[in-house]
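# Model the structure of this input:
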Amino acid sequence: MHPLVLLALLQVGTVGAQHAAPLRQHPTTCYEVFVRSFYDSNGDGIGDLRGLTQKLDYISGLGADCVWLMPVAESPSYHGYDVTDYNRIEPDYGTNDDFKAFVAAAHQHGIRVLVDLVLNHTSSQHPWFQEALQDTASPHRSWYRWSKTPGNNWHKSPVRDEYYFGLFWSGMPDLNYENPAVLEEMKRVARFWLDSMQVDGFRLDAVRHLVEVGNEFSNTPATHQVLRDFGQYVRSIAPPPRSYTIGEVWDNTDVILTYYPDQLDAYFAFPISEALMEAVRTRKVGGLLPTVEQFARAEPAWRWAPFQRNHDQTRTMTALGNDTAGAKLAATILLTLPGVPFVYYGEEIGMTGDKPDERLRTPMQWSASSRGFTSGKPWESLQSDTLTANVAAEDGRPGSLLNLYRKLTHLRATNGALREGRLEPIESGNESVLAYMRVQDSSAVLVLVNLGGTAASAPAPSSLVGSLPAPAVGVQLQVGWRDLLARGNPRRRSLPVLAPRRAYVYELSEVVTTKRTNR
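Okay, the predicted model is just below:
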């Protein structure tokens with residue numbers, strides 16, 4: 001047994017008690033990691049699981065209580081989304097024992113571990129597909145889809161005059177969920193990762209494409225049924241909080257909501273991501289809060305996940321034209337809205353990146369040179385901004401983007417209103433001023449964001465009254481605010497003029513009630 005695994009098991013007593021402290025029912029903030037690009041422990045230029053384990057203090061210090069690992073199963077591609085063995089860790093990253101050691105260490109840090117599980121397709125090099133390709137009588141033949149005629153997304157077989165279906169590309173043949181054996185095998189895979197590898201759940205890739213019907217390639221009734229069956233199975237063998245499943249349905253809000261209530265636990269809120277980035281970029285509030293409200297009306301906040309960017313999208317700093325103030329606004333909005341926010345590695349230091357995909361997934365910038373990531377030659381060159389946008393440079397700077405992320409994630413973890421409170425939009429009377437409250441019982445947090453380039457007035461006190469605890473008849477409210485972002489958290493009786501491109505987060509610190517005087 002790997003010595004780190006043995007040590008972790010001795011520390012926690014039994015496999016079933018792997019977390020150092022009881023889990024919250026749901027994640028608070030989740031951090032997306034591309035293992036290949038996070039930290040290299042052995043100098044081969046590729047990030048690995050031992051390196052990731054060494055950086056758990058950083059992730060914990062960031063305030064995340066959950067990590068989502070992009071695919072870690074064996075794959076011929078750098079990204080891992082075409083799997084050749086669902087039960088084996090990609091050798092570039094280490095061994096199964098290395099993974100177990102990482103999970104045990106993450107649990108000691110109070111961090112859930114979600115792994116990317118690719119249900120839609122395998123690699124064309126997977127033994128199942130190779131067997132089906134070579135032998136038409138193979139038991140795995142019906143695990144894939146075949147045709148005698150070509151068509152959109154049908155790829156020519158290299159063996160005989162026939163075609164196989166692969167929605168994304170020829171190297172990723174789609175699995176055929178019309179064969180019940182495929183879903184049963186994927187349930188077995190899920191059990192392996194939950195039981196043997198001790199993960200806490202899954203991010204499910206491209207789930208809206210699981211079952212195609214004719215020319216319908218997404219959101220079919222059969223896809224919903226597969227997810228319903230899979231989600232219920234996971235919950236049956238690992239009831240929450242022991243498991244958490246979240247799916248990628250890259251579509252509009254109305255479509256995403258059709259995947260509730262009884263399929264996966266949660267889904268990424270792509271429309272919130274788009275509205276958030278649009279608001280910061282255009283400096284106008286736009287439809288951000290109505291989009292959030294549509295999700296909030298439909299499902300509890302733990303069932304949907306807002307984010308800024310992920311591994312398929314232009315990074316925030318690039319999308320905003322290297323506007324650091326804008327990146328701080330985006331972070332403040334993301335981490336004070338309802339939902340389970342996901343943060344893509346490197347966003348917290350303002351890493352840049354644009355297509356092609358490899359340049360969206362470059363090595364983490366720990367220092368001003370690649371030596372912070374590896375002692376060898378990195379698998380992909382770092383971004384040119386590594387000289388200034390790196391952990392070492394931002395760590396000791398109180399006003400840095402990194403320290404803002406740390407402050408906000410820790411606030412979210414410790415403040416009940418920010419973590420679980422309802423959203424109360426505030427009418428600001430200004431298209432560039434975003435205003436809302438998060439309210440839980442008698443606790444309230446006010447968020448004010450001036451997206452514009454000129455100073456603006458804060459919302460009138462009268463516009464806030466409806467969101468605050470109601471006073472008794474004949475009693476007048478006077479409120480005080482505690483500045484949660486300023487050093488020392490100073491208190492104030494009135495709200496300030498809002499500086500350009502700046503966000504404010506205030507906690508209701510006191511409610512003074514006075515009897516109204518009859519005149």
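# Relative to Ile349, how far out is the residue lying closest to Glu420 once chain neighbours are set aside?
Nearest non-adjacent residue to Glu420, counting by C-beta to C-beta, 6 or more residues apart in numbering: Gln440, 5.8 Å away. Using the backbone N, CA and C atoms, a C-beta is placed for each residue, glycine as well. Gln440 is 31 Å from Ile349, where distance means C-beta to C-beta, to the nearest Å.
# ok, now Val33?
To Ile349, Val33 is 14 Å away according to C-beta to C-beta.
# repeat for Gly61
13 Å.
# which of the two has more neighbours?
Applying other C-beta atoms under 10 Å to Gly61 and Ile349 shows that Ile349 carries more neighbours, namely 25 against 14.
# That one and Leu401, how far apart?
Taking C-beta to C-beta, one finds Ile349 at 6 Å from Leu401.
# burial of Gly156, as a residue count?
Small correction: residue 156 is Lys, not Gly. 12.
# if I pick it, what's in contact with it?
By C-beta atoms under 8 Å, 6 or more residues apart in numbering, the contact set of Lys156 is 150, 163.
# beta partners for it?
Tyr163 (DSSP bridges).
# Which pLDDT value belongs to it?
At Lys156, the pLDDT value in this model is 98.
# now swap in the one 5 residues further on and tell me
The pLDDT attached to Asp161 in the predicted structure is 97.
# what are the phi and psi angles of the closest residue to it other than its chain neighbours?
Distance criterion C-beta to C-beta, 6+ apart; nearest residue to Asp161, sequence neighbours excluded, is Lys148 at 7.5 Å. Dihedral pair for Lys148: phi -80, psi -10, per degrees, to the nearest 10.
# Lys148 and Asp323, how far apart?
Lys148 is 54 Å from Asp323, by C-beta to C-beta.
# Which of those two has more residues huddled nearby?
Asp323 (17 against 8).
# distance of that one from His26?
The gap separating Asp323 from His26 is 32 Å, by C-beta to C-beta.
# again with His126
Taking C-beta to C-beta, one finds His126 at 34 Å from His26.
# Any regions of the chain where pLDDT drops low?
1-18, 20-21, 465-477, 510-519 (pLDDT under 70).
# ok, now with 50
1-17, 519 (pLDDT under 50).
# And for the longest helix seen in it, what's in contact with it?
When the chain is parsed with DSSP state H, its longest helix is helix 221-237. Helix 221-237 is contacted from outside by 119, 177-178, 183, 186-187, 190-191, 194-195, 201-202, 204, 207-211, 213, 243, 245, 247, 258-259, 262-265, using C-beta under 8 Å, 6+ apart.
# Which helix or strand lies directly C-terminal to it?
Next along the chain after helix 221-237, taking DSSP states H and E as the criterion, comes strand 244-247.
# Give me the distance between the very next helix or strand once past that following strand and the centre of its chain.
Of the helices and strands lying after strand 244-247 in sequence (DSSP H and E), the nearest is helix 253-257. Relative to its parent chain, helix 253-257 has a centroid offset of 18 Å by C-alpha atoms, centre = their mean, to the nearest Å.
# what do you get for stretch 203-220?
That offset, for stretch 203-220, works out to 21 Å (C-alpha atoms, centre = their mean).
# same check, this time on stretch 367-380
That offset, for stretch 367-380, works out to 25 Å (C-alpha atoms, centre = their mean).
# Check stretch 408-428 too.
Worked out by C-alpha atoms, centre = their mean, stretch 408-428 lies 18 Å from the chain centre.
# Show me which positions of stretch 228-245 end up buried.
For stretch 228-245, the neighbour count (16 or more other C-beta atoms under 10 Å) marks 229-231, 233-235, 238, 240-245 as buried.
# What is the most widely separated pair among these?
Asp229 and Pro241 (21.7 Å; C-beta to C-beta).
# Which residue ranges of the stretch 51-200 of the chain form strands?
Remark: strands assigned in the stretch 51-200 of the chain by DSSP state E, counting those that start in this stretch are 66-69, 73-74, 85-89, 112-117, 146-147, 154-156, 163-165.
# ok, Phe373 to Trp366 distance?
The value you get for Phe373 to Trp366, if C-beta to C-beta is used, is 6 Å.
# do Ser494 as well
Distance from Ser494 to Trp366, by C-beta to C-beta: 43 Å.
# who's more crowded, His126 and His26?
Legend: neighbour count by other C-beta under 10 Å for His126 and His26, higher for His126 (25 against 20).
# dump the residue contacts of the more buried one.
If you count contacts by C-beta under 8 Å, 6+ apart, then His126 has 83-85 around it.
# Buried ones from the residues you listed, can you make that a PyMOL selection?
Here is the PyMOL command that selects the buried residues among the contacts of His126 (16+ other C-beta under 10 Å):
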select buried, resi 83+84
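# Out of the contacts of His126, the closest to Glu394 would be?
For these, the nearest to Glu394 is Val83 (35.7 Å; C-beta to C-beta).
# Could you double-check that that closest one sits in contact with Ser124?
No: taking contacts as C-beta atoms under 8 Å, Val83 lies outside contact range of Ser124: 11.0 Å.
# Just want the phi and psi numbers for the spatially most central residue of the chain.
With distances taken as C-alpha atoms, centre = their mean, the residue of the chain nearest its centroid is Phe342 (2.8 Å). When read as degrees, to the nearest 10, the backbone of Phe342 gives phi -110, psi 140.
# Kindly report the same for Lys328.
phi -70, psi -40.
# Grab the nearest non-local neighbour of it.
Nearest one to Lys328, counting by C-beta to C-beta, 6+ apart, is Leu404 at 5.6 Å.
# correct me, but that neighbour touches Ala331?
Yes: using C-beta under 8 Å, Leu404 is in contact with Ala331, at 6.0 Å.
# Quick check on these two: which one has the bigger neighbour count.
Counted by other C-beta under 10 Å, Leu404 and Ala331 do not tie: Ala331 has more neighbours, with 25 against 20.
# Now the more buried one: phi and psi?
phi -60, psi -40.
# hang on, the earlier thing: more crowded one of Phe373 and Trp366?
Phe373 (26 against 22).
# on that earlier part again, looking at the strands of the stretch 51-200 of the chain, which is closest to Leu446?
That would be, of those and by C-beta to C-beta, strand 66-69, which comes in at 26.9 Å.
# Partner strands of that closest one and their direction?
Here, using DSSP bridges, strand 66-69 pairs with strand 30-33 (parallel), strand 112-117 (parallel).
# Would you reformat those strands as JSON lines and include distance to Gln478?
Converted to JSON lines, the strands paired with strand 66-69 look like this (distance: least, C-beta to C-beta, whole Å):
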{"stretch": "strand 30-33", "distance to Gln478": "39"}
{"stretch": "strand 112-117", "distance to Gln478": "42"}
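# Mind putting the ones you listed into TSV with distance to Ser428 and mean neighbour count?
Output for these, formatted as TSV (distance: least, C-beta to C-beta, whole Å; neighbours: other C-beta atoms under 10 Å):
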stretch	distance to Ser428	mean neighbour count
strand 30-33	30	24
strand 112-117	36	23
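# Quick check: which of those is nearest to Ala389?
That would be strand 30-33 among the strands paired with strand 66-69, by C-beta to C-beta, at 17.4 Å.
# Show me the contact partners of that closest one.
Contacts for strand 30-33 (C-beta under 8 Å, 6+ apart): 52, 59, 62, 64-70, 112, 114, 305, 310-311, 340-345.
# And stretch 35-55, by the same measure?
Taking C-beta under 8 Å, 6+ apart as the rule, stretch 35-55 contacts 4, 33-34, 69-70, 72, 78, 80, 89, 92-94, 98-99, 101-102, 105-106, 345, 361-364, 366, 373-380.
# switch to 7 Å and redo it
33, 69-70, 72, 78, 92-94, 98-99, 101-102, 105, 345, 361-364, 373-379 (C-beta atoms under 7 Å, 6 or more residues apart in numbering).
# Glu431 and Gly287 touch, don't they?
No: in this structure, Glu431 is not within contact of Gly287 by C-beta atoms under 7 Å, at 11.7 Å.
# about what we covered before: joint contacts of Ile349 and Leu401?
Shared contacts of Ile349 and Leu401, counting by C-beta under 7 Å, 6+ apart, come down to Glu394.
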